[in-house]
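1. fold the following for me, if possible:
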Amino acid sequence: MNYSAGEPIDSEFRSGMIAIAGRPNVGKSTLLNKFLGQKVSITSRKANTTRHRILGVLSEPDCQYVFIDTPGFSTQSKQLVDRAIQKVAVAGIMGVDLVLFLVESRGWHPQDLPVWRRIQSEKLNSIVVITKIDLLARKDRLLPVISEIAQVTGSTEIVPISAQKALNIDRLKSVISKHIPKGPPLFPSDFVTDQDDVFFASELIREQVFRHYGEELPYSCAIQVEKYQLQRSVLHLHALIWMESENQKRIIIGSKGEKIKLVGTRVRQILETKLGTKVYVKLWVKVRSKWTEDERLIANFGYSIQE
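-> The predicted model follows:
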């Protein structure tokens, strides 16, 4: 069924804004990608992979779900760039119809509390979503986790899921639809995300940096796309990877440039599959000392630092 934004459809049609919130690395981006059936938000095991507000729209015949993937809430780091990212996280839950508050199946974590308190302080309608239930060695361990979280939050709306294994996703959608208002669609039915191809390419590069280097590097790298252009049926992607020290640069490049080649190859493969065209990727690594504390550079790399 095709429809346009604001178009009257059926009196029972529902549409609403749903924020996906939680502490770092609880599976927010993985859940968004599963809802949409495609990759729009990058993922890795590294905390704070998501730094921007990512909007993803799922349009169905009787409901339009407008999801907002937010950075992980964290109060531990005092870096200027982290404070900017936390502003994005807080802004992402403001004014929405519903918040999905994600908690890992391992149980309540001290870092969950600040997120829950913020949701409560704003008097936001919320559902608690227990993620990664596929990682539980024994399924009978889920009930104590549900009981613990229900006791801490006082929530009666708790849905356990696994985004990786697509467990309970349809049930979660059904619960969500009951909490968002009746009304016309907010976006055309063919609209998926507000992020453009250049943004996706830059995020993809950052994701592959995280995945290839693991704990060798801090997450304080930034990507700057210098060229994204289709020439004679070949997409040319040129980008800078900014790090904070020469040592980090050496790690990224690797012996004889082998590691940076692996990152470029994986980015090329993913983009060629997604876009259906040949892609040429060229990456450079540059150093800007303490860019995470430089207000001007933080803004140049796309992070809002204004109150």
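2. what about this structure, any weak spots by pLDDT?
-> Judged by pLDDT under 70, the chain has its weakly predicted residues at 42-53, 71-94, 214-220, 292, 294-295, 297-307.
3. which parts of it are helices?
-> 28-36, 80-93, 112-121, 142-153, 169-179, 197-213, 246-253, 258-275, 295-300 (DSSP state H).
4. out of these, deepest packed?
-> Neighbour counts (mean count of other C-beta atoms under 10 Å) averaged over each of the helices of the chain peak at helix 28-36, with a mean of 23. Heads up, the C-betas are built off the backbone N, CA and C, glycines and all.
5. name the surrounding residues that touch it.
-> 20-22, 39-43, 49-50, 54, 56-58, 65, 67, 69-70, 72, 100, 102, 129, 131, 161, 163-164, 166, 169, 173, 192-193 (C-beta atoms under 8 Å, 6 or more residues apart in numbering).
6. could you identify the buried members of those?
-> Buried members of the contacts of helix 28-36, scored by 16 or more other C-beta atoms under 10 Å, are 20-22, 39-43, 49-50, 54, 56-58, 65, 67, 69-70, 72, 100, 102, 129, 131, 161, 163, 169, 193.
7. thinking again about what came up before, for the helices of the chain, which one sits closest to Leu237?
-> Among the helices of the chain, the nearest to Leu237 by C-beta to C-beta is helix 197-213 (5.6 Å).
8. who does that closest one touch, helix- and strand-wise?
-> In terms of contacts (3 or more C-beta pairs under 8 Å, 6 or more residues apart in numbering; DSSP states H and E), helix 197-213 is packed against strand 222-231, strand 234-243, helix 246-253, helix 258-275.
9. centre of the chain to it, how far?
-> Taking C-alpha atoms, centre = their mean, to the nearest Å, one finds the center of helix 197-213 at 12 Å from the center of the full chain.
10. just the angle between that helix and helix 246-253, please?
-> Helix 197-213 and helix 246-253 are oriented at 100 degrees to each other (axes from the mean of the first three to the mean of the last three C-alpha atoms, to 10 degrees).
11. for helix 197-213, C-alpha coordinates in CSV please.
-> Provided in CSV are the C-alpha atoms of helix 197-213 (Å, rounded to 0.1, in the frame of the first residue of the first chain):
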residue,chain,number,x,y,z
ASP,A,197,24.3,8.1,1.1
VAL,A,198,27.3,10.2,2.0
PHE,A,199,26.5,10.0,5.7
PHE,A,200,25.9,6.2,5.4
ALA,A,201,29.3,5.8,3.7
SER,A,202,31.1,7.7,6.5
GLU,A,203,29.3,5.7,9.2
LEU,A,204,30.2,2.5,7.3
ILE,A,205,33.9,3.3,7.3
ARG,A,206,33.7,4.1,11.1
GLU,A,207,32.0,0.8,11.7
GLN,A,208,34.6,-1.1,9.9
VAL,A,209,37.4,0.7,11.8
PHE,A,210,35.8,-0.4,15.0
ARG,A,211,35.2,-4.0,13.8
HIS,A,212,38.8,-4.5,12.5
TYR,A,213,40.7,-3.0,15.4
